[in-house]
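Undergrad: the sequence isn't on hand, but the structure is:
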């Protein structure tokens, strides 16, 4: 056999292996993509209790919603992130006419209505804080795919930290997911666009 034929067969074999590998990668990516829930399934309507003890029905608010999940006992990240959101809303009537900022607790056991009310005095008055039963909060965390882990040493431990996702979600007027932000990326023009 000539060197030309050997070289041709070797190149053909390499090409077939490469095409096979590319097809496997494409199949694998499509397989993984199909297993994930579509982003549009994030969020949705919810019914919780606000910092005044009143029922809050998200469907009754004809505004976009900017939602942050956190807890009042958070020693650092949550207050900082809420303050950043609050500063964007302060003295900005256009933003307040279009978007409702909402804080939802991930720690309903400790974040009582009274605790939420006191905590929210530190932020812009347009903010609303929400809590609910453990089951209600668990359901909304699932809707938004928010990770939460209570770091309790025992069932009676009241001094614990909570690991949780630190994202800000934007919903449209019908509670449909638009996008999410990391708190460090949050700016007024990003929210409005």
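TA: Structure received. If you're wondering where the values come from, they're calculated on a predicted model, not measured in any experiment.
Undergrad: count of neighbours near residue 94?
TA: Residue 94 has 9 neighbours, counted by other CB atoms under 10 Å. Using the backbone N, CA and C atoms, a C-beta is placed for each residue, glycine as well.
Undergrad: next structured bit after the host helix or strand of it?
TA: Using DSSP states H and E, the element containing residue 94 is helix 93-98. Heading C-terminal from helix 93-98, the first helix or strand you meet, by DSSP H and E, is strand 99-105.
Undergrad: check the average confidence over that next one, would you?
TA: Taken as a whole, strand 99-105 carries a mean pLDDT of 95.
Undergrad: go on, stretch 178-193?
TA: The pLDDT scores in stretch 178-193 average 76.
Undergrad: next, the contact list for the residue nearest the centre of the chain, please.
TA: Centroid-nearest residue in the chain: residue 167, 4.4 Å away (criterion: CA atoms, centre = their mean). Residue 167 is in contact with 69, 146, 180-183, counting by CB atoms under 8 Å, 6 or more residues apart in numbering.
Undergrad: now, among those, which is nearest to residue 117?
TA: Nearest to residue 117 among the contacts of residue 167: residue 69, at 18.3 Å, using CB to CB.
Undergrad: okay, and the beta partners of that closest one?
TA: Taking DSSP bridges as the rule, residue 69 bridges to residue 104.
Undergrad: domain map for this structure?
TA: As given by automatic domain parsing, the domain ranges for the chain are 3-36, 41-192.
Undergrad: so which of these is the most packed in?
TA: domain 41-192 (a mean of 16; mean count of other CB atoms under 10 Å).
Undergrad: pretty sure residue 58 is touching residue 50, no?
TA: No. Contact criterion CB atoms under 8 Å: residue 58 and residue 50 do not qualify, at 11.1 Å.
Undergrad: relative to strand 99-105, how tilted is the host helix or strand of residue 141?
TA: Here residue 141 sits within helix 134-144, counting by DSSP H and E. Using axes from the mean of the first three to the mean of the last three CA atoms, to 10 degrees, the inter-axis angle of helix 134-144 relative to strand 99-105 is 130 degrees.
Undergrad: just checking, what packs against the helix or strand just after helix 134-144?
TA: Going down the chain from helix 134-144, the next helix or strand is strand 148-151, by DSSP H and E. Counting contacts by 3 or more CB pairs under 8 Å, 6 or more residues apart in numbering; DSSP states H and E, strand 148-151 is packed against strand 161-164.
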